[in-house]
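Asker: sequence-free structure coming up:
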DNA sequence: CTTGACTCCGTACTGGAGTACGGATTCTAG
DNA sequence: CTAGAATCCGTACTCCAGTACGGAGTCAAG
């Protein structure tokens, strides 16, 4: 399938990322930067696309680029503990954020609902809540 | 209670924000900047603390500073519709983010659990998921 | 060959909400 | 009065993950 060397634009297209994103990942050390022919253009191995997909799959799990850099350095089979630490840490953060957002959602939902049912007969519940003049 | 004019550090302390935060809100137009005696220091009215509290309460509901700037401009009682729009919009965003994070949480939780129960006998499920070699 | 698309490179910018800094000045407790 | 804390001001920086830009050079289709 992906057996030809690619230039950066083609790699970006195949991996569904931006060219600038690839350059950024190279600067971050997440992706190797092939040598450049003198005054020429770089040629990327087909495997680079798979590496980009790895990065994006990990991001979709909530891992940061720093986490992903660590994961990419693990030797397959020898990094259970580290991978689990990363995942666990990120899981904790996600759960904390979920709790925050859930609380916000609940309050907002209630205030919006009250607003909708008040039809202008009482002071705005949203503003009152923010103004601190409402329980 | 808060009847004395305050200097910025005292205001920050009373409102539980940073001095730099106050300056930032002033630059953003969220808080008025009192006139300054020539070569002297500004004196804030006690009401400034309440305004800062308003801002922070709104932030805790998930509103952005831009949202809050709008809210602060509404005349009490005349801004139902706008306040509700802001709240509704933010509610939608929070709900979308909740959905994302929930999905992430669920996958991560499963992978971490699998990792814990595999005791090194299978390839790392976390790495495999990210590598795309696992359902 | 020509021209337009693409690549390169280094720097700057974006989003949003702060936070820090350096140097000068003011304020106040001791 | 002195010295240290606080204030001022304008600019830069942080967090994180990109994204954009300008100018120069390369590539490839027509």
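Answerer: Thanks, I have the structure now. It should be emphasised that the depicted structure is a prediction, and the values quoted were computed from it without experimental measurement.
Asker: helices or strands next to whichever helix or strand residue A:100 is part of in the packing?
Answerer: Counting by DSSP states H and E, the element that carries residue A:100 is helix A:80-118. For helix A:80-118, the elements it packs on are helix A:65-73, helix A:125-131, helix B:80-118, helix B:125-131, judged by 3 or more Cβ pairs under 8 Å, 6 or more residues apart in numbering or on different chains; DSSP states H and E. Every residue, glycine included, has its C-beta placed from N, CA and C.
Asker: nearest spatial neighbour of the residue of chain A found nearest DNA strand C, chain-adjacent residues omitted?
Answerer: For chain A, the residue closest to DNA strand C is residue A:9, as judged by Cβ to the nearest atom of the strand, at 2.4 Å. Once flanking residues are discounted, residue A:9 sits nearest to residue A:19: 5.9 Å by Cβ to Cβ, 6 or more residues apart in numbering or on different chains.
Asker: and the pLDDT for the one you found?
Answerer: On the pLDDT scale, residue A:19 is placed at 95.
Asker: contacting residues for it?
Answerer: A:8-9, A:12 (Cβ atoms under 8 Å, 6 or more residues apart in numbering or on different chains).
Asker: tell me what the helix or strand bottoming out on mean pLDDT in chain A is packed against?
Answerer: Least confident helix or strand, chain A: helix A:125-131 with a mean of 88, by mean pLDDT, DSSP states H and E. Contacts defined by 3+ Cβ pairs under 8 Å, 6+ apart place helix A:125-131 against helix A:80-118, helix B:47-60, helix B:80-118.
Asker: tabulate those helices (JSON lines), appending mean pLDDT and distance to DNA strand C.
Answerer: Below are the helices and strands packed on helix A:125-131 laid out as JSON lines (pLDDT from 0 to 100; distance: least, Cβ to the nearest atom of the strand, whole Å):
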{"stretch": "helix A:80-118", "mean pLDDT": "92", "distance to DNA strand C": "13"}
{"stretch": "helix B:47-60", "mean pLDDT": "95", "distance to DNA strand C": "6"}
{"stretch": "helix B:80-118", "mean pLDDT": "93", "distance to DNA strand C": "10"}
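Asker: appreciated, that's everything.
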